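>>> Here is a sequence with its predicted model. Questions after.
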Amino acid sequence: MAEGNGGMPQLDALAQYVKDLSFENPNAPRSLQPKQAPPAINVQVNVNAKELGDDEFEVDLSLDGSAGEGDEVIFRFELVYSGIFRLVNIPAEHKHQVVMIECPRMLFPFARAIVANAVRDGGFPPFLLQPIDFGALYHQRMSEVQGASARN
């Protein structure tokens, strides 16, 4: 599985940072009053990557979520948490999977904490995102892409 100098495969996180963060509590202070039932929560997850050169990639983990009751939004958040990663001795045929599965897996705990703190700082109990299976998301997306290619 090694290429280049025959060394062990290695994935290095060179930097991690918040690229974009937004939290909205549009109906405060009314939204902070106790509710009879928990709100409906919707979260969308997206992963994007671009090659920076020399086996370095920028990976963006986007988390968009909202909580609401009917048509009323209680809170909304958007986060793009990014990292720069270097892949060493990883065969070309495996790089896409590593970038789209392992890199967001490394970013997720930090993004989860940022969302929890933003929601808490907005006046609500911390919102802890459930762990995400980035492998399943990757394979689902690849199936969708292959299905779209077969139709064209």
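Thanks, I have the structure now. Numbering: from 1, shown residues only.
>>> Tell me how far residue 111 lies from residue 14.
When C-beta to C-beta, to the nearest Å is applied, the distance between residue 111 and residue 14 equals 17 Å. For every residue, glycine as well, the C-beta is placed using N, CA and C.
>>> Which one's more surrounded, those two?
Legend: neighbour count by other C-beta atoms under 10 Å for residue 111 and residue 14, higher for residue 111 (24 against 12).
>>> Tell me the pLDDT of the more buried one.
Residue 111 is assigned 98 on the pLDDT scale.
>>> What segments of this structure are helices?
Assigned by DSSP state H, the helices in the chain fall at 92-97, 103-121, 134-151.
>>> Figure out which of the ones you listed is closest to residue 74.
Closest approach to residue 74 among these (C-beta to C-beta): helix 103-121, 10.1 Å.
>>> what packs against the closest one?
With contacts defined as 3 or more C-beta pairs under 8 Å, 6 or more residues apart in numbering; DSSP states H and E, the packing partners of helix 103-121 are strand 10-24, strand 40-53, strand 56-69, strand 72-88, helix 134-151.
>>> between it and strand 72-88, how big is the angle?
On the basis of axes from the mean of the first three to the mean of the last three C-alpha atoms, to 10 degrees, helix 103-121 is oriented at 150 degrees to strand 72-88.
>>> for helix 103-121, the distance to its chain's centre please.
Between the centre of helix 103-121 and the centre of its host chain there is 9 Å, according to C-alpha atoms, centre = their mean, to the nearest Å.
>>> returning to what we had before: out of the helices of the chain, which gets nearest to residue 84?
Comparing the helices of the chain by their distance to residue 84 (C-beta to C-beta), the top pick is helix 103-121, with 9.6 Å.
>>> Compute the inter-axis angle for the closest one and helix 134-151.
110 degrees.
>>> Give the buried residues for helix 103-121.
Buried residues in helix 103-121, counted by 16 or more other C-beta atoms under 10 Å: 103-108, 111-112, 114-115, 118-119.
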